[in-house]
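Visitor: sequence first, predicted coordinates after that:
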Amino acid sequence: MKQPEKFQLRTETNEGRCVVYVSGEFDLEVASQMRAAMAPLVELTDRDLVLNLRDLKYIDSTGIGILVSVLKARNAKQASFTIEAIPPNIRKLFDMTGITQFLTKQNQET
């Protein structure tokens, strides 16, 4: 049986942008870790919050729910939140759930 890829987060903050790199498998097991990491970043309304999913292998409905809650919190604060570098299998899931249009910039290439 294949070992699941370990969930990891790495954050880079620079002028005007905070980029969170997510890799591995984002599911119920790591949901509290993701919520804890994102909570303070949601409050940084002076910069764009970007989630880079280039190395994400899997996301479940819990993970998608967390992304939607971050989006809603950022919208309430009138602060930007986008997702970039979405792998094809994850994009397909986002498309099926109808959230792609809310999580990506329409003119952005991923």
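Guide: Cool, got the structure. Residues are numbered from 1 along each chain as shown.

Visitor: sec struct for the residue nearest the centre of the chain, please.
Guide: If you average the C-alpha coordinates of the chain and look for the closest C-alpha using CA atoms, centre = their mean, you land on residue 51, 4.3 Å from that point. The three-state label given to residue 51 by DSSP: H, G, I helix; E, B strand; the rest coil is strand.

Visitor: ok, it touching residue 83?
Guide: Yes. Taking CB atoms under 8 Å as the definition, residue 51 is a contact partner of residue 83 at 4.6 Å. No exception for glycine: its C-beta is placed from N, CA and C like everyone else's.

Visitor: show me where this structure has helices.
Guide: Assignment of helices within the chain using DSSP state H yields the ranges 31-42, 61-76, 88-97, 100-103.

Visitor: so which of those helices gets nearest residue 55?
Guide: Between residue 55 and these, the shortest gap by CB to CB is with helix 88-97, which sits at 10.7 Å.

Visitor: now that closest one - C-alpha only, PDB.
Guide: The C-alpha atoms that make up helix 88-97 are tabulated as PDB, following Å, rounded to 0.1, in the frame of the first residue of the first chain:
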ATOM      1  CA  PRO A  88      -5.100  19.400 -12.800                       C
ATOM      2  CA  ASN A  89      -6.700  16.700 -10.500                       C
ATOM      3  CA  ILE A  90      -7.400  19.300  -7.800                       C
ATOM      4  CA  ARG A  91      -8.700  21.900 -10.300                       C
ATOM      5  CA  LYS A  92     -11.100  19.200 -11.600                       C
ATOM      6  CA  LEU A  93     -12.400  18.800  -8.100                       C
ATOM      7  CA  PHE A  94     -12.700  22.600  -7.600                       C
ATOM      8  CA  ASP A  95     -14.500  22.800 -11.000                       C
ATOM      9  CA  MET A  96     -16.900  20.000 -10.000                       C
ATOM     10  CA  THR A  97     -17.800  21.800  -6.700                       C
END
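
Visitor: picking up where we left off before, can I get the helices of the chain in JSON lines including distance to residue 12 and mean neighbour count?
Guide: Rendered in JSON lines, the data for the helices of the chain read as follows (distance: least, CB to CB, whole Å; neighbours: other CB atoms under 10 Å):
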{"stretch": "helix 31-42", "distance to residue 12": "11", "mean neighbour count": "15"}
{"stretch": "helix 61-76", "distance to residue 12": "17", "mean neighbour count": "16"}
{"stretch": "helix 88-97", "distance to residue 12": "20", "mean neighbour count": "14"}
{"stretch": "helix 100-103", "distance to residue 12": "19", "mean neighbour count": "16"}
